[in-house]
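Engineer: Structure of the sequence below:
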Amino acid sequence: MSIPQSGGGPIERYEQLVEYLASGCKPKEDWRIGTEHEKFGYCRDTLRPLPYDGPRSIRAMLEGLRDRFGWQPVLEQGHIIGLELNGANVSLEPGGQLELSGAPLTSIHETCDEVNEHLREVKTVADEIGAGFIGLGMAPTWTHDEMPLMPKGRYKLMDAYMGTVGTSGTQMMRRTCTVQVNLDFASEPDMVQKLRVALALQPVATALFANSPFLEGKPNGHKSWRSRIWRHLDDARTGMLPFAFEDGMGFERYVDYALDVPMYFVYRDGRYIDALGQSFRDFLKGRLPALPGEVATLSDWADHLTTVFPEARIKKYMEMRGADGGPWRRLCALPAFWVGLTYDQSALDAAWDLVKGLDAETREGLRVAASVDGLQGEAGGVKLHDLAREAVAIAHSGLAARAIPGAGGLVPDETHFLNALQESVETGRAPADELLERYYGAWGEKLAPMIFDEYSY
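Structural biologist: All right, here's what the predicted structure looks like:
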């Protein structure tokens, strides 16, 4: 989840909302890669989730990272709720999931180095306090009530609202983890092409990274239960954005969509003010019931954009949001997949050619199929395994064309970061398939402690 935004005066013209998004346009040489990943913390002796307070806790983790590795604390109402260092952030998801929001970097080599360093730091502190961290898309054994709600005002408001608009919102907040990548665009047409490719191929990412087949210790009937949760969360702010494929798509059309998403809050003077279900359009006119007479600022707009949750999201950059959290190799493979598809024009054109014939019903059907059946899913006569094979090949060609070397020039490009996905394409198996095989085989239809022993970082 995002931290509060800052900067920007009152919004006096509708066009400022569009200009805010358009200001993210950058020349190709300035494009960067920002990778985010979440993970579940737990107490090693009890295998229960970390609380916020105590000697083995989220607070102890954050303070340990601060004291041992020089991270600067982020406080809210006296609570440490995040860290900052050199353009990167460590933040808390609602159920205590620890998230790294990486710095904007130029290559997957740098991204993977950042991931390695972060996981090394986390393990160092976790070992000292008797904690562990595991990369899965869904909490494997814990119930909703066992997952603590972190002391952030944003989460308290969201938690109260989620149950009124869908059936899965509080599960999403407490019991899911993702890995995503944030990417740049050069212009409005470039944004549109990338968004369309991102939305149409997000089910492929869900299938390749499916890693949440368990709920409360038992198989749940889905390869990605996390994706299933997002499909039942809040129709007003989630989904595949069919309008993005219509003529006239651009920043203005996305602004109109975001304006119609009900608000959660307004952030003022270090606290979150309840604006649940209220209209940002009213806020622009000074008619918001939560703050009568006060006009929205650009930082309010930036905050509001963080409460919109489609499968691919536009801010001043684009977020790819369809993948489950997972093991180390997948943390580097996710940015490699999307960078390969979108940062080389020939690859981007090939990716668009691959999906431009899919209609909205098929795209949505693939989203559901990826959640239920992973790479074995299909919809509208399209098999996800076939689509994944072609998409990974295009991503490989895009990374090869970038030809960015690593390891002091010993590695010629970034293509090896796709190895985990190429294995999935060859075998038709995602992480969820491996987990289910172990559950029904070596683990004897039990998850604990084996899943923690074998899948922790």
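
Engineer: What strands line up against the host helix or strand of Y267, and which way round?
Structural biologist: If you go by DSSP states H and E, Y267 is part of strand 265-268. Applying DSSP bridges, strand 265-268 is found paired with strand 271-274 (antiparallel).

Engineer: What lies in contact with the strand it pairs with?
Structural biologist: Q77, G153, R154, K156, L157, F265, V266, Y267, A290, L291 (C-beta atoms under 8 Å, 6 or more residues apart in numbering). For every residue, glycine as well, the C-beta is placed using N, CA and C.

Engineer: Would you mind measuring from the residue nearest to M450 when sequence neighbours are not counted to R330?
Structural biologist: Residue nearest to M450 in three dimensions, not counting chain neighbours: W443, with 4.8 Å by C-beta to C-beta, 6 or more residues apart in numbering. With distances taken as C-beta to C-beta, to the nearest Å, W443 is found 21 Å from R330.

Engineer: Same check on I134?
Structural biologist: From I134 to R330 the distance is 13 Å (C-beta to C-beta).

Engineer: ok, back up a step: tell me which residues of the strand holding Y267 come out buried.
Structural biologist: Neighbour-count burial for strand 265-268 flags F265, V266, Y267 (criterion: 16 or more other C-beta atoms under 10 Å).

Engineer: Surely the second one is in contact with T297?
Structural biologist: Right, the one you point to is V266. No. The pair V266 and T297 fails to qualify as a contact (C-beta atoms under 8 Å) at a distance of 9.5 Å.

Engineer: Go ahead and confirm W225 touches G137.
Structural biologist: Yes. Between W225 and G137 a contact is recorded at 7.1 Å, counting by C-beta under 8 Å.

Engineer: so what sits against both of the two?
Structural biologist: Common contacts of W225 and G137, defined by C-beta under 8 Å, 6+ apart, comprise S212.

Engineer: Between those two, which has more neighbouring residues?
Structural biologist: It is G137, of W225 and G137, that has more neighbours when counted by other C-beta atoms under 10 Å, with 31 against 27.

Engineer: list the contacts for the nearest residue to that one once chain neighbours are set aside?
Structural biologist: Nearest residue to G137, sequence neighbours excluded (C-beta to C-beta, 6+ apart): D324, at 2.7 Å. Residues in contact with D324 (C-beta under 8 Å, 6+ apart) are 136-138, 177-179, 206, 209-212, 224, 226-227, 431.

Engineer: got the CA coordinates for the helix or strand containing F133 in PDB?
Structural biologist: Assigned by DSSP H and E, F133 falls within strand 131-134. Extracted in PDB, the C-alpha atoms of strand 131-134 (Å, rounded to 0.1, in the frame of the first residue of the first chain):
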ATOM      1  CA  ALA A 131      11.200 -14.500  13.000                       C
ATOM      2  CA  GLY A 132      10.900 -15.800   9.500                       C
ATOM      3  CA  PHE A 133       9.500 -14.600   6.200                       C
ATOM      4  CA  ILE A 134       7.900 -16.600   3.400                       C
END
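
Engineer: helices or strands next to the next helix or strand after it in the packing?
Structural biologist: Counting by DSSP H and E, the next helix or strand C-terminal to strand 131-134 is helix 153-162. Here helix 153-162 touches helix 169-175, strand 265-268, strand 271-274, going by 3 or more C-beta pairs under 8 Å, 6 or more residues apart in numbering; DSSP states H and E.

Engineer: returning to what we had before: compare W443 and R330 and say which is more crowded by neighbours.
Structural biologist: R330 (23 against 16).

Engineer: from what I can see the more buried one touches V179, true?
Structural biologist: Yes. Between R330 and V179 a contact is recorded at 6.6 Å, counting by C-beta under 8 Å.

Engineer: Quick check: neighbours shared by the two?
Structural biologist: Taking C-beta under 8 Å, 6+ apart as the criterion, R330 and V179 both touch F209, A323.

Engineer: any chance you could map the strands in the stretch 301-450 of the chain?
Structural biologist: 309-310, 312-314, 318-324, 378-379, 382-383 (DSSP state E, counting those that start in this stretch).

Engineer: In the sheet, which strands lie alongside the third one, parallel or antiparallel?
Structural biologist: Spelled out, that is strand 318-324. strand 178-183 (antiparallel), strand 312-314 (antiparallel).

Engineer: Save those strands as JSON lines, and put in mean neighbour count too.
Structural biologist: Converted to JSON lines, the strands paired with strand 318-324 look like this (neighbours: other C-beta atoms under 10 Å):
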{"stretch": "strand 178-183", "mean neighbour count": "25"}
{"stretch": "strand 312-314", "mean neighbour count": "24"}
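
Engineer: Dump those into JSON lines; add mean pLDDT and distance to K39 as well.
Structural biologist: Shown next, in JSON lines, are those (pLDDT from 0 to 100; distance: least, C-beta to C-beta, whole Å):
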{"stretch": "strand 178-183", "mean pLDDT": "98", "distance to K39": "9"}
{"stretch": "strand 312-314", "mean pLDDT": "98", "distance to K39": "21"}
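
Engineer: what's the closest of these to E454?
Structural biologist: strand 178-183 (19.2 Å; C-beta to C-beta).

Engineer: R321 contacts F309, correct?
Structural biologist: Yes. Contact between R321 and F309 holds when scored by C-beta under 8 Å: they sit 7.2 Å apart.

Engineer: The two: which has the busier surroundings?
Structural biologist: R321 (22 against 17).

Engineer: so what's the residue lying closest to the more buried one once chain neighbours are set aside up against?
Structural biologist: Spatially, and ignoring its direct neighbours in sequence, R321 is nearest to Q180 (5.2 Å; C-beta to C-beta, 6+ apart). Q180 makes contact with T35, E36, H37, E319, M320, R321, A323, L334, according to C-beta under 8 Å, 6+ apart.

Engineer: Could you rerun that using 6 Å?
Structural biologist: E36, E319, M320, R321 (C-beta atoms under 6 Å, 6 or more residues apart in numbering).

Engineer: again, but for H396
Structural biologist: T415, L418.

Engineer: From A336, how far out is it?
Structural biologist: 9 Å.

Engineer: for the helices and strands packed on helix 153-162, which one sits closest to P148?
Structural biologist: The nearest among these, by C-beta to C-beta, is helix 169-175 at 8.1 Å.

Engineer: So which bits of stretch 199-216 are buried?
Structural biologist: For stretch 199-216, by 16+ other C-beta under 10 Å, it's 199-215.
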